[in-house]
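Participant: next comes the sequence, and after it the predicted model I'd like to discuss.
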Amino acid sequence: MEEEKTRDEATIVEESSLDVGFAGEVAREPGGEGIRKCYACGTCTAGCPVRRFHPVFNPRRILRMVLLGMRDQVLKEPFVWVCATCYTCQERCPQGVRIASIMTALRNIAVRLGNMPEIVPMQVKLLTEKGTLYPLDDFDNKKRGKAGLPALLLAHEDVGPLLQESGKPGDGAK
């Protein structure tokens with residue numbers, strides 16, 4: 001079994017594998033506009049709650065990889081999907097880099113390429129069919145009733161048509 005790399009191990013990347021236009025592509029994506037303002041101070045990583053529990057996740061490193069043109073390494077690895085979008089990094093960034101928004105932009109690019117965790121298509125299916133990621137049933141509403149809470153809709157039919165209009169992840173729609 002291959003051991004997971006520690007945060008101190010360096011990755012050797014061949015120059016020929018770098019995509020010099022990758023940072024520009026991310027900058028053109030909604031949310032990715034300020035990527036070039038990052039000067040790798042590390043404030044984002046120091047305050048990241050996900051980093052404490054998942055040492056492979058390193059916002060500073062991800063942004064640096066984008067700026068260096070490491071397209072395949074960023075978009076094909078699962079670490080962009082680990083971001084909790086809590087905005088801690090974004091609120092603390094001295095340069096005002098919208099890091100959580102950049103992570104969303106990277107996810108959007110990855111989805112268009114078909115690089116996404118298995119759970120994403122399953123979530124889209126649930127949203128399309130039920131309008132929610134956690135489908136409720138009568139049991140849930142009975143529990144709510146006993147707690148004095150109002151019943152919730154079991155499905156939200158208006159969400160599915162909206163997803164059909166906007167396109168599903170992986171179909172090339174923006």
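Facilitator: That came through, no problem.

Participant: for the closest residue to residue 101 other than its chain neighbours, what are its contacts?
Facilitator: Spatial nearest neighbour of residue 101, chain neighbours left out: residue 31 (3.4 Å); criterion: CB to CB, 6 or more residues apart in numbering. Heads up, the C-betas are built off the backbone N, CA and C, glycines and all. The neighbourhood of residue 31, defined by CB atoms under 8 Å, 6 or more residues apart in numbering, consists of 98, 101-102, 104-105, 108.

Participant: next one: residue 38
Facilitator: 60, 63-64, 67, 93, 95, 97, 99.

Participant: how about a markdown table for these, with neighbour count added?
Facilitator: Formatted as a markdown table, the contacts of residue 38 follow (neighbours: other CB atoms under 10 Å):
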| residue | neighbour count |
| --- | --- |
| 60 | 20 |
| 63 | 27 |
| 64 | 13 |
| 67 | 15 |
| 93 | 20 |
| 95 | 13 |
| 97 | 23 |
| 99 | 30 |
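
Participant: output these as JSON lines; include the columns pLDDT.
Facilitator: Formatted as JSON lines, those follow (pLDDT from 0 to 100):
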{"residue": "60", "pLDDT": "94"}
{"residue": "63", "pLDDT": "95"}
{"residue": "64", "pLDDT": "95"}
{"residue": "67", "pLDDT": "95"}
{"residue": "93", "pLDDT": "94"}
{"residue": "95", "pLDDT": "95"}
{"residue": "97", "pLDDT": "94"}
{"residue": "99", "pLDDT": "94"}
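
Participant: from those, which is closest to residue 42?
Facilitator: Ranked by distance to residue 42 (CB to CB), the contacts of residue 38 are led by residue 60 at 5.1 Å.

Participant: and the gap between the closest one and residue 91?
Facilitator: Note on residue 60: its distance to residue 91, by CB to CB, to the nearest Å, is 15 Å.
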